[in-house]
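Q: Provided below are the primary sequence and the corresponding predicted coordinates.
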There are 2 protein chains.
Amino acid sequence: MESSFAIIAEPNRRAILSLLASSERSVGEIERRLRMPQTSASKHLRILREAGFVEARVEAQRRVYRLRPEPLMEVDAWLAPFRRFWTAHVDALERHLDRIEPKPAKPRKGNKR
Amino acid sequence: MESSFAIIAEPNRRAILSLLASSERSVGEIERRLRMPQTSASKHLRILREAGFVEARVEAQRRVYRLRPEPLMEVDAWLAPFRRFWTAHVDALERHLDRIEPKPAKPRKGNKR
DNA sequence: CGGGAATATGAACATCGGGGTATATACGCC
DNA sequence: GGCGTATATACCCCGATGTTCATATTCCCG
């Protein structure tokens, strides 16, 4: 409930966010597009709203939800230190592979033995 | 424990990852630096390992853990569509502030209009 | 004015994951 | 071989959270 990370741990909530990334939507639209029961959509939206991921505009009986960037920016910021790490990794791996066998090979993953 | 998002929802696990971002560590080091019970550290490391966030090198009785980039890259990739969203927001905010209090212009890349 | 759509909330229930304790396994050293 | 250190695992408990069902609220419209 606290951290932004916990919020986006829930798959349905990520789906809602991704949907809202393209454009704002009413609750009904969200239910239909994501094939999610109304009550479930409402609850997830509540959680997203209270965590600052979305905000609602009232439009007659509908609530139109739209994205708010701050919490995801926070996640992005946490990721920053790691980015440096993995770009270095990819570079090193590429150099390594080039040295071993100069062919356009694709990287293998965890190969333990 | 399916998704990478669920894995990093846990604060202790994020702490471990952040610690490993600076350099690899043995379990004992992790326990001490994070003031976390040994059994807890081991469990979280197991989860991180099985989810591909870390890998362990055996060194006598110690296991030295180091970061693996892939799962965090996946999170980063999920964030990508949203980034466009909030940079637009920041730009709007900047324009707004510029209007209120015009500051000496700073070099921007894409000069619009 | 009354009915029905759109959305929110509450209660009951099941599940899951983390913390703690106890214990097992592996290794190095004397 | 026996001990101490380092790490992993099994088990239990408990609280948090998601799902569903039932109901409340708000608003449009005929």
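A: Right, received. Where do you want to start?

Q: residues in contact with the residue nearest the centre of chain A?
A: Within chain A, one residue has its C-alpha closest to the average C-alpha position: by Cα atoms, centre = their mean, that is residue A:14, at 5.6 Å. With contacts defined as Cβ atoms under 8 Å, 6 or more residues apart in numbering or on different chains, residue A:14 is in contact with A:8, B:5, B:78. Placement of C-beta: from N, CA and C, glycine included.

Q: hmm, try it at 7 Å
A: Counting by Cβ atoms under 7 Å, 6 or more residues apart in numbering or on different chains, residue A:14 makes contact with A:8, B:5.

Q: Name the secondary structure element that contains the single nearest residue of chain A relative to DNA strand C.
A: In chain A, the residue found nearest to DNA strand C is residue A:28; the distance is 2.8 Å by Cβ to the nearest atom of the strand. Using DSSP states H and E, residue A:28 maps to helix A:27-34.

Q: Pretty sure residue A:36 sits in a strand.
A: No - the assignment for residue A:36, made by DSSP: H, G, I helix; E, B strand; the rest coil, is coil rather than a strand.

Q: What parts of chain A come near DNA strand C?
A: Listed as neighbours of DNA strand C in chain A under the rule Cβ under 7 Å from any atom of the strand: A:26-28, A:31, A:38-39, A:41-43, A:45-46, A:56, A:61-63.

Q: Only whichever of those are buried, select them in PyMOL.
A: Taking 16 or more other Cβ atoms under 10 Å in any protein chain shown as the burial criterion, the selection of buried members of the residues of chain A next to DNA strand C in PyMOL is written as:
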select buried, chain A and resi 26+27+31+41+45+56+63
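
Q: just the residues of chain A next to DNA strand C now: which is nearest residue A:84?
A: Taking Cβ to Cβ as the measure, residue A:84 lies nearest residue A:45 of those, at 35.4 Å.

Q: Next one: the closest one from chain B, what distance?
A: Here the criterion is Cβ to the nearest Cβ, to the nearest Å. By it, residue A:45 lies 17 Å from chain B.
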